[in-house]
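Chemist: got a sequence here, can you model it:
(one chain, ligands or ions: 2)
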Amino acid sequence: MPPEIHGLIFDLDGVITDTAEYHFLAWKRVADEEGIPFTREDNEALRGLSRRESLNTILKGRPIDEATAQNWMDRKNTYYLEHLEELTPANLLPGVPQLLDDARARGLKLGLGSASKNARLVVSRLGMESLFDVIGDGYCVVNAKPAPDLFLWVAGALRVYPTQAIVFEDAEAGINAARAGGFFTVGLGNAANNQPTIWLPSLEKASLGEILARLS
Ligand code: BG6
Ligand code: MG
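Modeler: Ligands and ions are numbered 1, 2, ... in the order given. Model prediction:
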């Protein structure tokens, strides 16, 4: 029996738009100012992690006090916000508008589940405020990905069961969160290794009809 799918839940950074580069540039600026080595490769491990967990990962065990940690996170966010000023609807990743239109036409509910405290601002800069029924962001739950809490929060607000929803994710932490919550998963790009239900290189040529058929 094919599963009944009633909702789609999208991660934001790396799925709807490529703000991972902006996160990298902002953390890189702080790391350079503080003389901490941080490469583009290191940045891959930060995908999907909260601001605090990103800092912990960059620090690699270097001890800093709480006031310093807050200062670094605040500075990183200031730099990140500067980059967001460049963001426009042209920064939607290829395939996203078509997929959302198709989902709407099929009567599916649409949710966003992002670890970012800036998710609403990003969605607004992309001109997508009216497209999602529910937006879950970095303020909604205490336990960030890879805990399932955020996706469960979004599913609850959408009134769909996890077993009736697909989570689209580009990050290891996000796939693990969705799997722990009992959702179907579409893993994009580097998320191949985390056993998503379906893996796609990107959403560029994605067909919702094919995705739904592959769940059967
Ligand atoms: C996630 C990004 O969406 O949001 C992470 O993938 C980022 O890289 C996290 O650290 C938190 O974002 P923010 O905007 O709250 O610092
Ligand atoms: Mg992501």
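Chemist: quick one: contacts for residue 199?
Modeler: 186, 187, 188, 191, 192 (C-beta atoms under 8 Å, 6 or more residues apart in numbering). Where you see a C-beta, it was placed from the backbone N, CA and C, and this is true even at glycine.
Chemist: the last one: what secondary structure?
Modeler: Spelled out, it's residue 192. State at residue 192, reduced to three classes by DSSP: H, G, I helix; E, B strand; the rest coil: helix.
Chemist: and it, how many neighbours does it have?
Modeler: Per other C-beta atoms under 10 Å, the neighbour tally for residue 192 reads 13.
Chemist: ok, the third one next?
Modeler: Applying other C-beta under 10 Å, we find 26 other residues in the vicinity of residue 188.
Chemist: what's the spacing between the closest residue in space to it that isn't next to it in sequence and ligand 1?
Modeler: Leaving aside its chain neighbours, residue 188 sits nearest to residue 170 (4.5 Å; criterion: C-beta to C-beta, 6 or more residues apart in numbering). Distance, residue 170 to ligand 1, using C-beta to the nearest ligand atom, to the nearest Å: 8 Å.
Chemist: show the pLDDT at residue 170.
Modeler: We have a pLDDT of 93 for residue 170.
Chemist: measure it to residue 25 for me?
Modeler: 18 Å (C-beta to C-beta, to the nearest Å).
Chemist: among those two, which residue is more densely surrounded?
Modeler: Per other C-beta under 10 Å, whichever of residue 170 and residue 25 has more neighbours is residue 170, with 25 against 16.
Chemist: hang on, the more buried one packs against residue 191?
Modeler: Yes - counting by C-beta atoms under 8 Å, residue 191 is a contact partner of residue 170 at 5.5 Å.
Chemist: follow-up on the earlier one: spit out the contact partners of the residue nearest to residue 188.
Modeler: 11, 13, 14, 15, 47, 48, 187, 188, 189, 190, 191.
Chemist: and what of residue 121?
Modeler: By C-beta under 8 Å, 6+ apart, the contact list for residue 121 reads 81, 84.
Chemist: which positions within stretch 79-94 qualify as buried?
Modeler: Buried residues in stretch 79-94, counted by 16 or more other C-beta atoms under 10 Å: 79, 80, 84, 87, 91, 92, 93.
Chemist: where does the chain have its least confident helix or strand?
Modeler: Lowest by mean pLDDT, DSSP states H and E among the helices and strands of the chain is helix 40-44, with a mean of 92.
Chemist: is any residue of that helix near ligand 1?
Modeler: No - between helix 40-44 and ligand 1, judged by C-beta under 6 Å from any ligand atom, nothing touches; the nearest distance is 8.0 Å.
Chemist: helices and strands around whichever helix or strand comes after that helix, which ones?
Modeler: Sequence order places helix 51-59 as the next helix or strand after helix 40-44, per DSSP states H and E. Here helix 51-59 touches helix 20-34, helix 66-84, going by 3 or more C-beta pairs under 8 Å, 6 or more residues apart in numbering; DSSP states H and E.
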